[in-house]
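>>> Sequence plus predicted model, see below.
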Amino acid sequence: MRIVVTRRVPEAAMVVLREAGEVWVSGEDRPLRPDELREAVRGADAVVCMLHDRVDGAVADAAGPQLKVVANVAVGHDNIDVPALAERGVTVTNTPGVLTDATADLAFGLLLAVTRRIGEGERLLRARRPWSFHLGFMLGSGLQGKTLGIVGLGQIGQAMARRARAFGMRIVYSGRSRAKPEVESALHAEHLSFLELLRTADVVSLHCPLTAETRHLIDAEALGAMKHSAFLINTTRGPVVDEAALADALLRREIAGAGLDVFEKEPEVEPRLLELDNVVVTPHLGSATVETRTEMALLAARNVAAVLSAEGAVNEVRP
Ligand code: DGY
């Protein structure tokens, strides 16, 4: 069995993959270009890929009819054309569960950083600018009694809600479907329509997957519906937010600030966002802990091994 890995993975996952077949790993310290990806997968039975690899019917065809599984080392799978792969009999897998806490931690970190102006304060000191303590100096917004609006109350959204509850926040949420009553009552979460959530929340945090329906969910109109004092946090996928509209809204002070871990055209970032003091940015670090990245790679490797040994995938993504 030939297993192609598009970017280096932790050794623990390599051990599992080597037991399942002959492994080829890209030696590049960058994403493979589309032509390189098509070349690399030739003859593969399994492909372990990253969220920056676009895996569609053309990639599956380049691999050949023996391709059995594409294992994405991510929970999001918007980079994979799942129906096109299903048509070709290829199983697609992802890595849910193992990155829930790490991602919610980072989302809450961004929330704290932007509401308490942590990045701004750090930049002030590093620039060695003069400052002194006074009662009006660099005031942020407190969280206690404020409302967190969670868009998408899946596993990560729920983990975010638990963190926010510990900070005394009220939780409202919107999503494609209503959460189970026991989830709502455990989190004291109130279901609102998307528009009501935008109008009510002091912080809007995005935890929905990127789909055709959620692309540019946060556009100029949605931003216009938010409170002028509200903050936006995005740790899901960049294209859920219209980045140009967000920069416009921030420049016009239509909202108070944003904490962003993901961007529309990664690794690029809308340059105007980088000029703004009320924007905190991190380079797609949601799941970036040693423990979580190891678990993600291991889960992907186990999915490959399970499909190749005909046991069936652990985390199959259905079209
Ligand atoms: C995912 O798994 O989808 C995350 O974006 C990776 O951090």
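Nice, I can see it. Numbering: from 1, shown residues only.

>>> Up against the ligand, what does this structure have?
The chain has residues Leu51, Ala74, Val75, Gly76, Leu99, Gly286, Ser287 near the ligand, with proximity defined as CB under 6 Å from any ligand atom. C-beta coordinates here come from the backbone N, C-alpha and C atoms, glycine included.

>>> Between all of these, which two are separated the most?
Across the residues of the chain next to the ligand, no pair lies farther apart than Leu51 and Leu99, at 11.5 Å, counting by CB to CB.

>>> Which one of the two is surrounded by more residues?
Leu99 (26 against 21; other CB atoms under 10 Å).

>>> residue contacts, Val41?
Applying CB atoms under 8 Å, 6 or more residues apart in numbering to Val41 gives the contacts Val4, Val47, Val59, Ala62, Ala63, Leu67.

>>> Check the burial of the second one by counting its neighbours.
So that's Val47. So Val47, with other CB under 10 Å, has 28 neighbours.

>>> could you pull out the strands for this structure?
Per DSSP state E, the chain carries strands over the ranges 2-5, 22-25, 46-49, 69-72, 91-93, 147-151, 170-174, 189-191, 203-206, 231-234, 257-260, 279-281.

>>> Quick one: closest of these to Arg318.
strand 91-93 (8.6 Å).

>>> Tell me the predicted confidence for Ile80.
Looking at Ile80, its pLDDT reads 98.

>>> ok so, going back, okay if I get the strands of the chain as TSV plus distance to Val114 and mean pLDDT?
Output for the strands of the chain, formatted as TSV (distance: least, CB to CB, whole Å; pLDDT from 0 to 100):
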stretch	distance to Val114	mean pLDDT
strand 2-5	36	98
strand 22-25	37	98
strand 46-49	32	98
strand 69-72	29	98
strand 91-93	34	98
strand 147-151	13	98
strand 170-174	19	98
strand 189-191	22	98
strand 203-206	9	99
strand 231-234	5	99
strand 257-260	4	99
strand 279-281	5	98
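
>>> possible to save those strands as CSV with distance to Val317?
Formatted as CSV, the strands of the chain follow (distance: least, CB to CB, whole Å):
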stretch, distance to Val317
strand 2-5, 19
strand 22-25, 22
strand 46-49, 13
strand 69-72, 8
strand 91-93, 4
strand 147-151, 21
strand 170-174, 24
strand 189-191, 26
strand 203-206, 20
strand 231-234, 22
strand 257-260, 26
strand 279-281, 29
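
>>> Out of those strands, which gets nearest to Leu139?
It's strand 257-260; of these, that one is closest to Leu139 (CB to CB) at 13.0 Å.

>>> Next, count neighbours for the residue lying closest to Val69 once chain neighbours are set aside.
Spatially, and ignoring its direct neighbours in sequence, Val69 is nearest to Val307 (3.9 Å; CB to CB, 6 or more residues apart in numbering). Burial of Val307 is recorded as 24 neighbouring residues (other CB under 10 Å).

>>> From the ligand, how far off is Val307?
Remark: distance between Val307 and the ligand (CB to the nearest ligand atom, to the nearest Å) = 19 Å.

>>> who's in contact with that residue?
So Val307 contacts Ala46, Lys68, Val69, Thr91, Thr93, Ala313 (CB under 8 Å, 6+ apart).

>>> which one among these gets closest to the ligand?
Thr93 (12.2 Å; CB to the nearest ligand atom).
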